[in-house]
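Everything below, folded, please.
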Amino acid sequence: MKPQMVKNLLMSQIKTVAANAKFFCIDAERNFSRKRKLTMEKVISGIIGMGSGSLTNELLDLFNDSPETPTSSAFCQQRCKITVEAFEAVFRLFSKKLCDSFEDELPVLAVDGSKIQIPTNPDDVDSFLPGSNGQKPYNLLHLNALYNLNHQIYQDAIIQKVKSANEHVALIEMVDRSLLRSALLMADRGYESYNNLAHVQEKGWYFLFRIKDGDYGIKQGLSLPNEELYDVSFELNLTRKQTNEVKELIKDRNHYRWIPSDMVFDYLPPKSRKIDPVRFYKLSFRIVRFPISNDTYETIITNLPTDKYPAEEIKRLYSLRWGIMPIF
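Presented below is the predicted three-dimensional model:
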């Protein structure tokens, strides 16, 4: 899509939000109820299009150096009337419209997180950090982004205060609410968990996650080849019950796994009564290990089918994930 078409699409979504201003104002009855030069549409488009100049210069650009350019104070007053949900709505509407124009057989998405420093505000206790070793106090946010590697755009994003940041929660929320019917989701080792994989599986998507290569994490307890390279498929039945029958079953380490009640897993009840039947959740995946240099190896967990995605293709796909890094 040409840049001008993208710009027109963005402006169309800003107009849609501005047309429903009452849902995105601090005071729905009074804010933006009168005609002003700084309409909601103008303020939102101005903020989204701002560069690194001073607010005065940015406003001059926005109003084409007109002598009628509003003051910085007037702009700030109007800006404070708009809720953060207005910008979230513009982003979601724009992303959906843009992604709907693509005709990918399988969208390839990457998830990652990054910290963002914002102006210091001690009153915002959930993002405020006092600093240490002579460092000044500062505030941090944590950006969680779902990035479309095919087209180099953000598919979704969640911003959290640093003290309550949880990348697993953000990942699950973005996966669960996505309107994509199919996708391949790639993630780094920090996202390794049965719960994350299960949410992707339940969505009907494919996953391709890098996992710990040692004796910890999901690999722990599985019987894997004593070789440097392998590609092994599993159907692992997860349960929280510990009956005598289950204790016998989990001796088969490649087919059954007990998970404790304090481990987050949304598809099994955390607790059950003794009389309740044993419940299992089946998670299907492959563990693939391949070289990335003469003496370095990578271990991947994926549910991509072996016939269409052999180890070499898995290696190629995972290398695409690093396309997200320059964006942050």
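
all contacts plus neighbour counts: C-alpha atoms, from now on.
OK.

Look at the residue nearest to Met40 when sequence neighbours are not counted and tell me its secondary structure.
Spatial nearest neighbour of Met40, chain neighbours left out: Ala18 (5.7 Å); criterion: CA to CA, 6 or more residues apart in numbering. Using DSSP: H, G, I helix; E, B strand; the rest coil, the secondary structure recorded for Ala18 is helix.

thought Ala18 was touching Glu41?
Yes - Ala18 lies in contact with Glu41 (CA atoms under 8 Å); the separation is 5.3 Å.

who's more crowded, those two?
Ala18 (22 against 17; other CA atoms under 10 Å).

distance of the more buried one from Ala28?
Per CA to CA, to the nearest Å, Ala18 is found 12 Å from Ala28.

repeat for Gln201
Computed as CA to CA, the Gln201 to Ala28 distance reads 41 Å.

How about Leu141: which residues does it bridge to?
Beta-bridge partners for Leu141, by DSSP bridges, are Ile116, Lys161.

What score does it have for pLDDT?
The model reports Leu141 with a pLDDT of 96.

Next: Arg210.
Looking at Arg210, its pLDDT is 94.

I'd guessed it sits against Glu298; true?
Yes - using CA under 8 Å, Arg210 is in contact with Glu298, at 7.3 Å.

Give me the more crowded residue out of those two.
Arg210 (22 against 17).

For the more buried one, give me its contacts.
Arg210 makes contact with Ala187, Asp188, Arg189, Glu192, Glu298, Thr299, Ile300, Ile301 under the criterion CA atoms under 8 Å, 6 or more residues apart in numbering.

how about 10 Å then?
Arg210 is in contact with 186-192, 287-289, 298-302, 318, counting by CA atoms under 10 Å, 6 or more residues apart in numbering.

From Ser293, how far off is it?
Distance of Arg210 to Ser293, computed by CA to CA: 16 Å.

Can you tell me the element the residue of the chain most remote from its centre falls in?
Taking CA atoms, centre = their mean, the residue of the chain most remote from its mean C-alpha position is Pro67, at 43.4 Å. Per DSSP states H and E, Pro67 falls between elements, in no helix or strand.

What segments of the stretch 1-150 of the chain are strands?
Secondary structure of the stretch 1-150 of the chain (DSSP state E, counting those that start in this stretch): strands located at 108-118, 128-129, 138-148.

Select, out of the ones you listed, the one closest to Glu85.
Of all these, it is strand 138-148 that lies closest to Glu85, at 15.9 Å by CA to CA.
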